[in-house]
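Enquirer: What would the 3D arrangement of this be:
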Amino acid sequence: MKRTAFMLFVFFLPQLLHAQEETADWFIFKMTNSGMKSNHVNMVAMDKNGSIWVGATSESGGLCEFDGKDWAVYNTSNSPIPDNRVNAVTVDGTGKKWIGTNRGLASYHRDQWEIFHASNSDLPANTVRCVAVDNSGAKWLGTAAGLVRLDGTTWTTFNSRNAIIPNNMINSVCVDGDNGVWAATIEGLVHYEQGKSAIDEKNWTLYNKKNSGLPNDYITCVTVDFNKNIWAGTQTKGIARFDGKEWKVFGKAEGLPDNKVTSVAPAENGIVWVGTQNGLAMFNPDGEKWSVFTADNSDLSNNSTNITVDMKGNKWIGTDVGLSVYRENGLKFSVYTAKYLFKNEELAQRINQPTDKAAALFRGSGDPLKGLNVSTAIKDMEIGKYYALIIGIDNYKGVWSPLNNAVNDAKAVEKLLRSKYRFDEFKTLMNDEATRANIIQQLEWLVDVVKPKDNVFVYYSGHGEYKQNLNKGYWVPADANTASTSQYVSNSDLKTFLGGIKSKHTLLVADACFSGDIFRGQTVSVPFENSERYYKNVHNLVSRHALTSGGVEPVMDGGRDGHSVFAYYLLKSLNNNQSEFYDSSELYNSIRIPVINNSVQSPKFQPIKNTGDEGGQFVFIKK
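Expert: You can find the predicted model right below:
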């Protein structure tokens, strides 16, 4: 059950484009400054490559893709899309886009379209209002005729005749961490517990004003936050939060700008963004405080129709006057995107080749990496040796049940790194070799042999444990046969070794139960910048990062093709990379969404506090 996979890598620091005076904290895309064909934005989504997909509500709008510089428009005149009015856009784990319209459902991937409507499929109605993807990859569609599950080629419709669905008009649908499906209707909120019989009414729950803390039966939108709370927006009574036991309602009296909620989206650290007809609000769980953005205090239109948070923390907000982008203390864009957006060649050059004058580009308290020499680290890359320590354990005994895929994952990682990337020396511990003593011995070996210019990669795949009463996480070696922590390797021990290894860069990747416990305390990182200068800059800064398959939570051993879900997408990303340089932030960004969409876990990636990290990034270099 409990599975851990760790990788130690050294990271390179990306260039930071904090919002400069010209960008401030906002940017608004309109027909006049973009490729959009309508200012009425109904839906925003992001794919795993970072492209933004925009759906319009007007007849001339269609579907737009913005890759950071160029716009592509898909409409009924140049593509098979069935309607220019787009209700929903969702991206599945393979990168395929699923588009809901009033004239059917479309899927699009790599220039290939497939169109579904009531006459050529079992879709019960052509109006598809919302789309969600569950942890198995099945698509859940909210239609005008009920809730529909599309699993491969199998269609299943749930409506008021065969399920506890009070009204067949589905406004919104989401999937929680347990693969449960939540559907918003105009007569209540419906929850279906997947994995059990759909025809058994006990597996369906209807929440309404009469039997729950919902303040209104007309549910406009629903989502699940990173703390596993359900948020249900209503037509006239604000938004309700449900933690599985208790309900709490937030309206104008609690800080919302309006009681008519139009959209809701989760962000990191339990933050939730709520759109209303009179402004946008951000909920911070720390103190349960609301921050409000309206046309009076920001560049935002009051009517927010949809919200998506990208991998750099930018909030993409659909409105009735365009597509707004917001990030507190400054938007984060690549240099070439900034050049495109702000039409300023001189500014783009200043960002890409920082000088002392470039300090004026940073807002708020200034450069968050001040003192780390980010702006002046332009030395040539002096690349040392690459070390890899790879550990995989399936054969457990005693209280620990055997695993099925840990060793296969570890061997596949070793094989891929040997064949495709520059590595000089490998150490492997598989099954019975991976005792507590041997693991510590190999970590001590790294402390002894690694030099300041070298790079270290460690992969651990096996059981992980978390002791709540000690507030501490552990690796479980092959010779651990009891539940005693005396037989484990603690995360605090690992951090000691990470701090003691004298490498330029070290990365810890963990595909493990409770692996996110390695992160303690706040740290600062900067976003990826695709330039040769970026790789040189980040290579000259020491890094100690971790990439884990989840937070302080169980993660899956099984998955796809004999690998865990996390390992499958990790291997896929490293194998598909065509660039000479590929840093760990790019790796994380490429696997985060597929892992979330196809499992019950959320990967984490950040520096490990108090181990000597200075903001760099580990870079994989192709042979």
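
Enquirer: Please count neighbours and contacts with C-alpha atoms only from this point.
Expert: OK.

Enquirer: can you map out the helices along the protein?
Expert: With helices called from DSSP state H, the chain shows them at 335-342, 345-352, 406-420, 436-449, 491-500, 532-539, 565-576, 584-597.

Enquirer: Turn these into CSV, including distance to residue 174 and mean pLDDT.
Expert: Formatted as CSV, the helices of the chain follow (distance: least, C-alpha to C-alpha, whole Å; pLDDT from 0 to 100):
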stretch, distance to residue 174, mean pLDDT
helix 335-342, 31, 50
helix 345-352, 39, 37
helix 406-420, 31, 94
helix 436-449, 42, 95
helix 491-500, 34, 87
helix 532-539, 38, 51
helix 565-576, 21, 92
helix 584-597, 11, 85
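
Enquirer: List just the one of those helices that sits closest to residue 93.
Expert: Proximity to residue 93 (C-alpha to C-alpha) singles out helix 584-597 among those, at 4.2 Å.

Enquirer: Give the residue spans of this structure that score low on pLDDT.
Expert: Within the chain, the ranges that satisfy pLDDT under 70 run 1-24, 195-201, 330-381, 512-540, 550-560, 600.

Enquirer: what does the domain assignment say about it?
Expert: 4-13+369-621, 26-334 (automatic domain parsing).

Enquirer: Stretch 257-267: end-to-end distance?
Expert: Using C-alpha to C-alpha, to the nearest Å, the end-to-end distance of stretch 257-267 comes to 19 Å.

Enquirer: sorry, back to before: tabulate the helices of the chain (a markdown table), appending mean neighbour count and distance to residue 208.
Expert: Conversion of the helices of the chain to a markdown table gives the following (neighbours: other C-alpha atoms under 10 Å; distance: least, C-alpha to C-alpha, whole Å):
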| stretch | mean neighbour count | distance to residue 208 |
| --- | --- | --- |
| helix 335-342 | 18 | 45 |
| helix 345-352 | 17 | 53 |
| helix 406-420 | 19 | 45 |
| helix 436-449 | 15 | 53 |
| helix 491-500 | 17 | 45 |
| helix 532-539 | 22 | 53 |
| helix 565-576 | 20 | 36 |
| helix 584-597 | 22 | 28 |
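
Enquirer: right, and those helices - which one's nearest residue 299?
Expert: It's helix 335-342; of those, that one is closest to residue 299 (C-alpha to C-alpha) at 15.9 Å.

Enquirer: any chance of the helices of the chain in JSON lines, with distance to residue 282 too?
Expert: Output for those, formatted as JSON lines (distance: least, C-alpha to C-alpha, whole Å):
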{"stretch": "helix 335-342", "distance to residue 282": "26"}
{"stretch": "helix 345-352", "distance to residue 282": "30"}
{"stretch": "helix 406-420", "distance to residue 282": "40"}
{"stretch": "helix 436-449", "distance to residue 282": "44"}
{"stretch": "helix 491-500", "distance to residue 282": "34"}
{"stretch": "helix 532-539", "distance to residue 282": "33"}
{"stretch": "helix 565-576", "distance to residue 282": "31"}
{"stretch": "helix 584-597", "distance to residue 282": "23"}
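
Enquirer: and of these, who's closest to residue 482?
Expert: helix 436-449 (13.2 Å).

Enquirer: Pull the closest one out as CSV, backbone CA atoms only.
Expert: Taking Å, rounded to 0.1, in the frame of the first residue of the first chain, the C-alpha atoms of helix 436-449 are listed here in CSV:
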residue,chain,number,x,y,z
ARG,A,436,19.1,0.3,6.1
ALA,A,437,22.8,-0.1,6.6
ASN,A,438,23.5,-0.3,2.8
ILE,A,439,21.3,2.8,2.0
ILE,A,440,23.1,4.9,4.6
GLN,A,441,26.5,3.5,3.4
GLN,A,442,25.8,4.7,-0.1
LEU,A,443,24.7,8.1,1.1
GLU,A,444,27.9,8.4,3.1
TRP,A,445,29.8,7.4,-0.1
LEU,A,446,28.2,10.3,-1.9
VAL,A,447,29.2,12.6,0.9
ASP,A,448,32.8,11.4,0.6
VAL,A,449,33.3,11.3,-3.2
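
Enquirer: helices or strands up against it?
Expert: strand 425-430, helix 491-500 (3 or more C-alpha pairs under 8 Å, 6 or more residues apart in numbering; DSSP states H and E).

Enquirer: Specify the angle between it and helix 491-500 in degrees.
Expert: 20 degrees (axes from the mean of the first three to the mean of the last three C-alpha atoms, to 10 degrees).
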